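Enquirer: curious how this folds, go ahead:
(one chain, ligands or ions: 1)
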Amino acid sequence: MTVPDHERAWWKESVVYQIYPRSFNDTDGDGVGDIPGVVEKLDYLDDLGVDVVWLCPVYESPNVDNGYDVADYRAILDTFGTMADWETLLAGLHSRGMKLIMDLVVNHTSDEHEWFVDSRAGDPEYEDFYVWRDGEAVPESEYEAGLYDPAEYGLPRDARERPPNDWESFFGGPAWTWDEGREEWYLHLFDERQPDLNWENADVREEVFEMMEWWFDKGIDGFRMDVINLISKPEGLPDGEDDEAIVRGADKFVNGPRVHEYVRAIHDEAVPDDAMTVGEMVEMSVDEAKRFLGDDGDGMSMAFNFDHMRLDFGPDGGRWSKGEWSVRELKETITRWQGGLDGEGWNSLYLNNHDEPRMVSRFGSEAYRRESATLLATLLYTLQGTPYIYQGEEIGMTNYPFESLEEVRDVDTLRNVEELERKGRFTSDDDLLDLVRYRSRDNARTPMQWSAGPTAGFTDGEPWLPVNPNKSEVNVESARADASSIWHYYRDLIDLRHDEDVLVYGTYDLLLPEHDRLWVYTRTLRDAEGCVAERTLTVLNFGSEAVEFEPPTGVAGEADEVLIANYGEVNTTVEAETLRPWEARVYRLR
Ligand code: TEU
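Expert: Residues are numbered from 1 along each chain as shown. Okay, the predicted model is just below:
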């Protein structure tokens, strides 16, 4: 056995499929996906070969942020179905040998959660469940000099008060909202209808642990933990100091002083040993991530980091401007995480999700849709870590050609664009729409394309977001009928991953680091004596032009088998060759 038992884990050997239920499959014709819709597609998921489903929030919610604003953690949203439907889903997954992880959103709740309703009303039991503070008085002179505008904080004209600190919300504008009733401000790192819980309060922690145990008792296999490294806020809530921070104040509330204590307590108190947890980690470095993961960490199985999602941020460093990314940078970033966590943690491998544009449109090429989608997949499935498929990725779905802001539902897009318009950032409507088409989270949220039918087979009603006009070309039905499709390539990659320990556990080593188009690396498993037991080579031509590949020493002339390739039959020896646009190959080395 090349991989020691203590290093093995079911979640390392799994492929995860992420479902955004609102957009997956609608069975009752209201235009919104539902849980019976997921149940209907269980055989589909099984055929694809995935092991785990991550279900985005399905809890009771007013849907200001599509379920990331939870009003009741133990109830299923009506639109999505009933608890009985959810139980059918879990049983259906388990009977097919698949597992289910749920979304844990506990940095904040909805303002409709009864804890907040009671907190707002000043009920002594819940008073302290959220982060309430007095504001800062503003001298009349500042108002007169035009340096202070109460309207900016939604306050009446005669107000002379600003929020307790200068933190900003991820969705634009101040992270504080004034509450008339309590005459205090409350903190919200996201929308004003998503107040942040006060983790300093032991009762809050206890409530969260109990709720998690309740779901584990129902039989779930793990949690994806939403923005989990934001839960600890520093004492005194100091102003932000870093002008380059992703939002003002992030240098203070990211990885706050008690974050490890809390995350460890979550795992000690509420997570069974064999469960899987994946933390969504905003602004996380490799070294910080190690403290959450691995044998000496806080108990978390793996982490999503955002480093590669920042490469195309604009010149001002922000998400809501557009910059250029390069293959070199992407390579360097991923390589840093591959090397950094090897033996000390575990990576989550993803290039898109419900918050990010579609990976083909962003990192690949819509003109070479099949080739680039399969190349990107080859990358994800031959790196160390657990690969995640975001619904529709397996058929190469692309961004949506938004024609107007009216087609957008996403609170993040709408609020941020409003804020940028206020600051006069756009030169024209086209300029604005360009950015929306590039960045909006709704790119990922348009309905899943099952067929070429009128609503892509998603619903019998009016879909809540428009269906991508490319549905006649890009859909599950036609992809499954075509043996050379992206869908079939995914299935082959997933099989390969299940068959080859080296692709799961092997160490990653980058070759040709200076090359600005080719991404070439080996994965190596060693036996107990340290001798190479298994080795693979991945060669990717990351671009739309043909490129000469000169194999480096050590791999030239090697190989006896091609494990997978996205242009069909290729030479089984590694030799100098011209690689075609977006060509990807994986060899087994001798
Ligand atoms: O996302 C947190 C997050 O930091 C981003 O990916 C976010 O979408 C973006 O930066 C917006 O500023 C998580 C969820 O995945 C997202 O859907 C939620 O909106 C957010 O938390 C709040 O719960």
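
Enquirer: contacts only, for the residue lying closest to Leu55 once chain neighbours are set aside.
Expert: Nearest residue to Leu55, sequence neighbours excluded (CB to CB, 6 or more residues apart in numbering): Ile19, at 5.3 Å. (Each C-beta comes from the backbone N, C-alpha and C, glycine too.) Taking CB atoms under 8 Å, 6 or more residues apart in numbering as the criterion, Ile19 is in contact with 38, 53-56, 391.

Enquirer: now whatever residue of the stretch 451-590 of the chain ends up closest to the ligand. Its backbone dihedrals?
Expert: The stretch 451-590 of the chain approaches the ligand most closely through Leu465 (14.7 Å), counting by CB to the nearest ligand atom. Main-chain torsions, Leu465, degrees, to the nearest 10: phi -130, psi 150.

Enquirer: what about it, neighbour count?
Expert: Per other CB atoms under 10 Å, the neighbour tally for Leu465 reads 20.

Enquirer: pretty sure it is touching Thr413, no?
Expert: No: counting by CB atoms under 8 Å, Leu465 stays clear of Thr413, with 11.8 Å between them.

Enquirer: how about the nearest residue to the residue nearest to the spatial centre of the chain, chain neighbours excluded?
Expert: Nearest to the geometric centre of the chain sits Asn353, at 4.7 Å (CA atoms, centre = their mean). Leaving aside its sequence neighbours, Asn353 sits nearest to Tyr390 (CB to CB, 6+ apart; 4.9 Å).

Enquirer: try Glu418
Expert: Per CB to CB, 6+ apart, closest to Glu418 is Gly172, 6.9 Å.

Enquirer: that neighbour: which element?
Expert: Using DSSP states H and E, no element contains Gly172; it sits outside every helix and strand.

Enquirer: so what's the residue count around it?
Expert: 21.

Enquirer: likewise for Ser141?
Expert: Residues near Ser141, counting by other CB under 10 Å: 9.

Enquirer: what do you get for Pro124?
Expert: Pro124: 7 neighbours (other CB under 10 Å).

Enquirer: wait, is it part of a strand?
Expert: No: applying DSSP: H, G, I helix; E, B strand; the rest coil, one finds Pro124 to be coil, outside a strand.

Enquirer: who's in contact with the residue lying closest to the residue of the stretch 451-590 of the chain closest to the ligand once chain neighbours are set aside?
Expert: Distances taken as CB to CB, 6+ apart put Thr446 closest to Leu465, at 5.0 Å, once the chain neighbours are dropped. Going by CB under 8 Å, 6+ apart, Thr446 touches 23, 397, 400, 465-468.

Enquirer: the stretch 51-200 of the chain: helices as residue ranges?
Expert: Ranges of helices within the stretch 51-200 of the chain are 83-95, 114-120, 140-144, based on DSSP state H, counting those that start in this stretch.

Enquirer: tell me which of those helices sits most buried.
Expert: helix 114-120 (a mean of 18; mean count of other CB atoms under 10 Å).

Enquirer: tell me which residues are up against that helix.
Expert: Applying CB under 8 Å, 6+ apart, the contact partners of helix 114-120 are 72, 109-111, 125-130, 132, 179, 181-182, 195, 197, 207.

Enquirer: can you say which of those residues are buried?
Expert: Buried residues within the contacts of helix 114-120, defined by neighbour count using 16 or more other CB atoms under 10 Å: 72, 109-111, 126-127, 129-130, 132, 179, 195, 197, 207.

Enquirer: what's Ile207 in contact with, if anything?
Expert: One thing to correct before we go on: residue 207 is Glu, not Ile. Trp115.

Enquirer: and for the one 4 residues further on?
Expert: When the contact criterion is CB under 8 Å, 6+ apart, the partners of Met211 are 73-74.

Enquirer: can you check Gly323 too?
Expert: Contacts for Gly323 (CB under 8 Å, 6+ apart) come out as 311-315.

Enquirer: again with Pro164
Expert: 133-136, 176, 185, 237.

Enquirer: before we move on, back to that, mind giving me the ChimeraX select for the contacts of Gly323, buried ones only?
Expert: Typed into ChimeraX, the next command selects the buried ones out of the contacts of Gly323 (criterion: 16+ other CB under 10 Å):
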select :311,312,313
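
Enquirer: need the worst-confidence member of the contacts of Gly323.
Expert: Among these, Pro315 has the lowest pLDDT, at 81.

Enquirer: distance of the closest residue to that one other than its chain neighbours relative to Ser169?
Expert: Excluding the flanking residues, the one nearest Pro315 by CB to CB, 6+ apart is Gly323, at 6.2 Å. Computed as CB to CB, to the nearest Å, the Gly323 to Ser169 distance reads 22 Å.

Enquirer: also Glu136?
Expert: 18 Å.

Enquirer: these two: which is more packed in?
Expert: Ser169 (24 against 13).

Enquirer: next up, phi/psi of the more buried one, please.
Expert: Per-residue torsions, Ser169: phi -80, psi 150 (degrees, to the nearest 10).

Enquirer: shouldn't it be in contact with Arg193?
Expert: No: with contact defined as CB under 8 Å, Ser169 does not reach Arg193; the gap is 11.0 Å.

Enquirer: quick one: secondary structure of whichever residue of the stretch 251-400 of the chain sits closest to the ligand?
Expert: Residue nearest to the ligand within the stretch 251-400 of the chain: Asp355 (3.6 Å; CB to the nearest ligand atom). Following three-state DSSP, Asp355 is assigned to coil.

Enquirer: what's the neighbour count on it?
Expert: For Asp355, the tally of surrounding residues (other CB under 10 Å) stands at 17.

Enquirer: max-length helix in the protein?
Expert: If you go by DSSP state H, the chain has its longest helix at helix 202-218.

Enquirer: quick check: mean pLDDT across it?
Expert: So the average pLDDT for helix 202-218 ends up being 98.

Enquirer: quick check: buried residues in that helix?
Expert: For helix 202-218, the neighbour count (16+ other CB under 10 Å) marks 204-205, 207-209, 211-212, 215-216 as buried.

Enquirer: looking at these, spot the one nearest the ligand.
Expert: Val208 (14.8 Å).

Enquirer: ok, the closest residue to the closest one other than its chain neighbours - contacts?
Expert: Computed as CB to CB, 6+ apart, the closest residue to Val208 that is not its neighbour in sequence is Val106, at 5.0 Å. Val106 makes contact with 197, 208, 225-226, 228, 231, according to CB under 8 Å, 6+ apart.

Enquirer: gap between Val106 and Ser169?
Expert: Distance from Val106 to Ser169, by CB to CB: 18 Å.

Enquirer: can you check Ala270 too?
Expert: Ala270 is 28 Å from Ser169, by CB to CB.

Enquirer: if we can go back for a sec, quick check: ChimeraX command selecting the buried ones in the contacts of Thr446.
Expert: The following ChimeraX line selects those of the contacts of Thr446 that are buried, judged by 16+ other CB under 10 Å:
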select :23,397,400,465,466,467,468
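
Enquirer: Val259 - how many residues pack around it?
Expert: 22.

Enquirer: what do you get for Val70?
Expert: Neighbour tally, Val70, other CB under 10 Å: 28.

Enquirer: and it, how far is that from Met211?
Expert: 10 Å.

Enquirer: one more: His113?
Expert: 11 Å.

Enquirer: wait, Asp560 touches Arg590, no?
Expert: Yes: using CB under 8 Å, Asp560 makes contact with Arg590 at a distance of 5.6 Å.

Enquirer: let me see the domain layout of this protein.
Expert: 5-107+202-404+443-488, 114-187, 405-439, 506-589 (automatic domain parsing).

Enquirer: in contact with Val52: list those residues for me.
Expert: Shown in contact with Val52 (CB under 8 Å, 6+ apart): 11, 14-17, 98-101, 221-222, 276.

Enquirer: which residues does it bridge with?
Expert: Judged by DSSP bridges, the bridge partners of Val52 are Val16, Lys99.

Enquirer: could you measure it against Gly222, distance?
Expert: Distance from Val52 to Gly222, by CB to CB: 8 Å.
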